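Colleague: return atomic coordinates for the entry below.
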Amino acid sequence: MEVEEKNITRLYIDGKEYILIGTAHVSKKSAEQVKEVIERERPDSVCVELDEQRYQSIMEGEKWKETDIFKVIKDRKATFLLMNLAISSFQKRMAKQLGIQAGQEMIQGIQSAKKTGAELVLADRNIQVTFSRIWSNVGFTGKAKLLMQIIYSIFSNDSISEEELEKLKSKDMLEGMLNEFTETFPRLKKPLIDERDQYLSQKIKDAKGKKIVAVLGAAHVPGIKEEIKKEHNLDQLNERPPKSKLPKIIGWGIPISILALIAYTFISNPEAGLQQSVSWILWNGGFSALGVAIALGHPLAILTAFIAAPITSLNPLLAAGWFAGAVQAYFKRPNVADFDRLSEDVLSLKGFWSNKVTRVLLIVVLANLGSSLGTFIGGADVIRLFFENL
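Modeller: Predicted coordinates for the structure are as follows:
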């Protein structure tokens, strides 16, 4: 049995009542509705669309300011952290415009669960699992589209009113948006929405008690209404996709081929071999250094990228950006004030470049991108010189 109210869906399945609240993550009215429904219904369990990582981030508050930027680089998480900040920038900008904390409805769900004595259930899948399944599923074209959308979100100055937000939660508009999303990113919808609908629905169904309230992004409600009627294997949904051997083969194949070509050319024509070596160094080091310069890196970080890139490009286990980022962090180490301003600075393109935290991350990413570009151009030039001197 199913009963629809404004932004609320009541389901009665196998003697249990499920109350699904469809929210917008930057809506005051959503947060108010969550408080009102939980405190009125007094459920046995409250499920929120959070995983353990995002929950800890909310509960620990200021602890993220203690982040060690060197550890981020060492653990190869610079790109992941920068992408996370970029993705959240649009939502934070909207929240600021509407005078509400981003994710306030989830915070309200946590607070109201504690107030009413309900058991809190973190119902969402680990965000890193979702990201890894997205990245492996979308293909090269999907990756390019996704990156363009993220870049657009940083540049965009779009605004929206509270009334428009409420309209976005309506069934007809949601279906239209999801259909459009499916057409634009057909392979992205499965790991980002469909699989999470299945995961969320199983966690909601497994929650203790006879009455369950679930605080969800409105886009998940239509899917959960159907998926909650089925059984889903959480272990399967939590599996990270197996890593393809192709990137590793290419990663080692290119440098071995480049070294072999240069070595062979040196033996047959030392002058041409020297020309190949200089071309490899200039293209690789030049583009990597340019990436650091675009990120407004310290002069020694630029020099580090130039020196490191031609070497690291020959070893897939290393990356020029790690060295350039570490040098930048050493000379321009982010302080508490930079972490304090981070939530504000990610709201604008200028802020991404001016904040010492995001600048280090940009240097890592752009140095690596420059080095990759230099590898292809420099490698092509090495091949050209090889054939010219056969």
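
Colleague: poorly predicted segments of the stretch 201-350 of the chain, please.
Modeller: Within the stretch 201-350 of the chain, the ranges that satisfy pLDDT under 70 run 336, 340, 342-343, 345-347.

Colleague: what segments of it are strands?
Modeller: Residue ranges of the strands in the stretch 201-350 of the chain, as given by DSSP state E, counting those that start in this stretch, are 211-217.

Colleague: distance from the centroid: which residue in the protein tops it?
Modeller: Here the chain reaches farthest from its C-alpha mean at Ser268, the gap being 48.8 Å by CA atoms, centre = their mean.

Colleague: contacting residues for that residue?
Modeller: Asn389 (CB atoms under 8 Å, 6 or more residues apart in numbering). The C-beta positions use only the backbone N, C-alpha and C, and glycine is treated the same way.

Colleague: what's the spacing between it and Trp135?
Modeller: 43 Å (CB to CB, to the nearest Å).

Colleague: and if you look at Arg10?
Modeller: 37 Å.

Colleague: show me what counts as buried in the lengthiest helix in the chain.
Modeller: The helix that spans the most residues within the chain, counting by DSSP state H, is helix 356-388. For helix 356-388, the neighbour count (16 or more other CB atoms under 10 Å) marks 356-375, 377-379, 381-382, 385-386 as buried.

Colleague: same check, this time on stretch 206-214
Modeller: Those buried within stretch 206-214 under the rule 16+ other CB under 10 Å are 207, 212-214.

Colleague: repeat for stretch 228-237
Modeller: The neighbour-count check on stretch 228-237 (16+ other CB under 10 Å) flags 228, 232, 237 as buried.

Colleague: mind picking the one among these that's closest to Pro316?
Modeller: Leu237 (30.5 Å; CB to CB).

Colleague: how about that closest one: what's its closest non-neighbour residue?
Modeller: Spatial nearest neighbour of Leu237, chain neighbours left out: Tyr199 (4.9 Å); criterion: CB to CB, 6 or more residues apart in numbering.

Colleague: could you verify my assumption that the one you found touches Asn126?
Modeller: No. Proximity of Tyr199 to Asn126 does not meet the contact threshold set by CB atoms under 8 Å, at 9.7 Å.

Colleague: quickly list what's touching both of the two.
Modeller: By the contact definition CB under 8 Å, 6+ apart, Tyr199 and Asn126 are jointly contacted by Asn238.

Colleague: the more surrounded of the two?
Modeller: Comparing Tyr199 with Asn126 by other CB atoms under 10 Å, the one with more neighbours is Tyr199, at 25 against 16.

Colleague: got the contact list for that one?
Modeller: Tyr199 sits in contact with 123-125, 232, 234, 237-238, where contact means CB under 8 Å, 6+ apart.

Colleague: cutoff 7 Å now
Modeller: Tyr199 sits next to 125, 232, 234, 237 when contact means CB atoms under 7 Å, 6 or more residues apart in numbering.

Colleague: what angle separates the strand or helix carrying it from strand 211-217?
Modeller: If you go by DSSP states H and E, Tyr199 is part of helix 195-206. Between helix 195-206 and strand 211-217, the angle comes out at 160 degrees (axes from the mean of the first three to the mean of the last three CA atoms, to 10 degrees).

Colleague: and helix 195-206, what's buried?
Modeller: Buried-residue list, helix 195-206, by 16+ other CB under 10 Å: 195-205.

Colleague: could I get the residues you listed as TSV with distance to Val46?
Modeller: Shown next, in TSV, are these (distance: CB to CB, whole Å):
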residue	distance to Val46
Glu195	23
Arg196	18
Asp197	19
Gln198	20
Tyr199	17
Leu200	13
Ser201	16
Gln202	16
Lys203	12
Ile204	10
Lys205	14
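
Colleague: looking at the residues you listed, which is nearest Glu105?
Modeller: Distances from Glu105 to the buried residues of helix 195-206, taken as CB to CB, are shortest for Leu200 (15.0 Å).

Colleague: is it true that that closest one touches Ile224?
Modeller: Yes. Using CB atoms under 7 Å, Leu200 is in contact with Ile224, at 5.8 Å.

Colleague: mutual contacts of these two, please.
Modeller: Joint contacts of Leu200 and Ile224 (CB under 7 Å, 6+ apart) are Leu216.

Colleague: now Leu11: phi and psi?
Modeller: Leu11 has phi and psi values of phi -120, psi 140 when expressed as degrees, to the nearest 10.

Colleague: state the distance from it to Asp338.
Modeller: 47 Å.

Colleague: any stretches of the stretch 51-200 of the chain with poor pLDDT?
Modeller: 60-68, 79-80, 83-102, 137-186.

Colleague: mind doing that once more with 90?
Modeller: 52-107, 126-194 (pLDDT under 90).

Colleague: for the helix or strand containing Arg40, what is the average pLDDT?
Modeller: If you go by DSSP H and E, Arg40 is part of helix 28-41. Mean per-residue pLDDT for helix 28-41: 89.

Colleague: and the angle for that helix with strand 211-217?
Modeller: Angle, helix 28-41 to strand 211-217, by the same axes, to 10 degrees: 170 degrees.

Colleague: would you mark the buried spots in helix 28-41?
Modeller: 28-31, 33-35, 37-38, 41.

Colleague: using TSV, lay out the buried residues of stretch 206-214 together with distance to Gly286.
Modeller: Formatted as TSV, those follow (distance: CB to CB, whole Å):
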residue	distance to Gly286
Ala207	57
Ile212	59
Val213	58
Ala214	54
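
Colleague: which pair of those spans the longest distance?
Modeller: Pairwise over the buried residues of stretch 206-214, using CB to CB, the maximum falls at Ala207 and Val213, 9.3 Å.

Colleague: mind splitting this structure into its structural domains?
Modeller: Per automatic domain parsing, the structural domains of the chain span 2-91+99-237, 246-388.
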